[in-house]
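1. The following comprises the amino acid sequence and a computationally predicted model.
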Amino acid sequence: MTLRETGPRNFEYQHKTLRKVNYSSRFSVSDDGKTLTEDETSATGEKRVIVYERQ
């Protein structure tokens, strides 16, 4: 597992098993800090976007 900051409100996460990437995600936090968006890509190339909102 690796986690690295890619910008002031952005970071990247990779999950690995036996040195192979199972999936990777890019996270970004909105300017107001109320929304976190995750762009995920699986090892097979499937993509999805998940949006988390603070209430």
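-> Looks like it came in fine.
2. Which neighbouring elements make contact with the lengthiest strand in the chain?
-> Looking across the chain with DSSP state E, the single longest strand is strand 20-29. In terms of contacts (3 or more Cβ pairs under 8 Å, 6 or more residues apart in numbering; DSSP states H and E), strand 20-29 is packed against strand 10-17, strand 35-42. Just so you know, the C-beta spots here come from the backbone N, C-alpha and C atoms, and that holds for glycine as well.
3. quick one, which of those strands is nearest to residue 50?
-> Among the helices and strands packed on strand 20-29, strand 35-42 comes nearest to residue 50, with 4.4 Å by Cβ to Cβ.
4. Export the closest one to CSV, keeping only CA atoms.
-> What follows is strand 35-42, C-alpha atoms only, in CSV (Å, rounded to 0.1, in the frame of the first residue of the first chain):
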residue,chain,number,x,y,z
THR,A,35,-16.5,17.2,-0.7
LEU,A,36,-14.0,14.4,-1.3
THR,A,37,-13.9,12.9,-4.8
GLU,A,38,-12.3,9.5,-5.5
ASP,A,39,-11.4,8.4,-9.0
GLU,A,40,-10.6,4.6,-8.8
THR,A,41,-9.1,2.3,-11.4
SER,A,42,-9.0,-1.4,-10.9
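5. before we move on, back to that, turn the helices and strands packed on strand 20-29 into JSON lines, columns for distance to residue 50 and mean pLDDT.
-> Shown next, in JSON lines, are those (distance: least, Cβ to Cβ, whole Å; pLDDT from 0 to 100):
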{"stretch": "strand 10-17", "distance to residue 50": "12", "mean pLDDT": "94"}
{"stretch": "strand 35-42", "distance to residue 50": "4", "mean pLDDT": "96"}
